[in-house]
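> just coords:
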């Protein structure tokens, strides 16, 4: 069984600072994918970044980067130069990379608030 | 990336009635997924919808309460039946396609309030 743990229910950060959102996972699958999604108050789930368990380098997408430490089973999201629009819920998720297995398991989420 | 559209975006329904949510993907996908997000909670998978076969439901979800249709490779519907206030949630559709690699995309969500 897969499990995602996000230990920070809420984070408060000053605008323009960098922020790290924690995510640890547990799985017995040899190959898996890790995802981060942003959910603003509108409710939509916005895909931010993806990391495959066999990827040699940490994923980056603009201001988002994923600090992947496989031995520690952690996949923390780093947002550089935070903006007011980054205020939202952030969810870490994973799924096995097996053909036909696209079901995602989610963590409980972290509510990020960016203060001006 | 796949673009997923959901309708309605919001609705307020009377208890005892049903609501059908539509999900349209802009490309053909093998599997589509329906999630529920209760207020203040994370996402929980309701079922997986494969074209041409019955949906596969997760523990705690049954077809009588959440019937799903999947008539083709780009479309699915979720019906929430015999509504009660406990069904007030965001319902989200998701899918991935080959062009997006391993990425899974979501629709905008459908906010349901049962009164």
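Received the coordinates, thanks. Given the structure is predicted, the values throughout are model-derived calculations rather than measurements. Numbers count the residues shown, from 1 in each chain, chains lettered A, B, ... in the order given.
> So which bits of chain B are right by chain A?
B:1, B:30-31, B:33, B:37, B:41-43, B:45, B:48, B:90, B:92, B:94-96, B:101-109, B:111 (CB under 8 Å from any CB of the partner chain). From N, CA and C alone the C-beta is placed, and that goes for glycine too.
> Mind giving me the ChimeraX select for those, buried ones only?
Selection of buried members from these for ChimeraX, criterion 16 or more other CB atoms under 10 Å in any protein chain shown:
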select /B:31,33,37,42,43,45,48,90,92,94,95,96,103,104,105,106,107,108,109,111
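> can you tell me the helix or strand for the residue positioned nearest the centre of chain A?
Taking CA atoms, centre = their mean as the criterion, residue A:36 is the residue nearest the geometric centre of chain A, at 3.2 Å. Using DSSP states H and E, residue A:36 sits within strand A:32-39.
> quick check, that strand touching chain B?
Yes: Strand A:32-39 reaches chain B (CB under 8 Å from any CB) through A:33, A:35, A:37.
> Now render those as JSON lines, adding pLDDT and neighbour count.
As requested, the residues of strand A:32-39 next to chain B are exported to JSON lines (pLDDT from 0 to 100; neighbours: other CB atoms under 10 Å in any protein chain shown):
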{"residue": "A:33", "pLDDT": "93", "neighbour count": "23"}
{"residue": "A:35", "pLDDT": "96", "neighbour count": "25"}
{"residue": "A:37", "pLDDT": "97", "neighbour count": "24"}
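> Tell me the one of those nearest chain B?
residue A:33 (4.7 Å; CB to the nearest CB).
> Next up, the contacts around the residue nearest to the closest one when sequence neighbours are not counted.
Leaving aside its sequence neighbours, residue A:33 sits nearest to residue B:102 (CB to CB, 6 or more residues apart in numbering or on different chains; 4.7 Å). Residues in contact with residue B:102 (CB atoms under 8 Å, 6 or more residues apart in numbering or on different chains) are A:33, A:50, A:52, A:95, A:97, B:96.
> other SSEs contacting the helix or strand hosting residue A:94?
In the assignment (DSSP H and E), residue A:94 maps to strand A:88-96. The contact analysis (3 or more CB pairs under 8 Å, 6 or more residues apart in numbering or on different chains; DSSP states H and E) places strand A:88-96 against strand A:3-5, strand A:32-39, strand A:74-79, strand A:105-106, strand A:110-115.
> In terms of secondary structure, what does the first one contact?
Okay, so that is strand A:3-5. Packing partners of strand A:3-5 (3+ CB pairs under 8 Å, 6+ apart): strand A:24-26, strand A:88-96, strand A:105-106.
> Could you list the paired strands of it along with their orientation?
Sheet pairing here is set by DSSP bridges, and for strand A:3-5 it gives strand A:24-26 (antiparallel).
> what sits against the residue nearest to the centre of chain A?
In this structure, residue A:36 makes contact with A:21, A:23, A:48-49, A:64, A:66, A:75, A:77, A:90-93, judged by CB under 8 Å, 6+ apart.
> again, but for residue B:68
By CB under 8 Å, 6+ apart, residue B:68 lies in contact with B:34, B:47, B:49, B:55, B:76-79.
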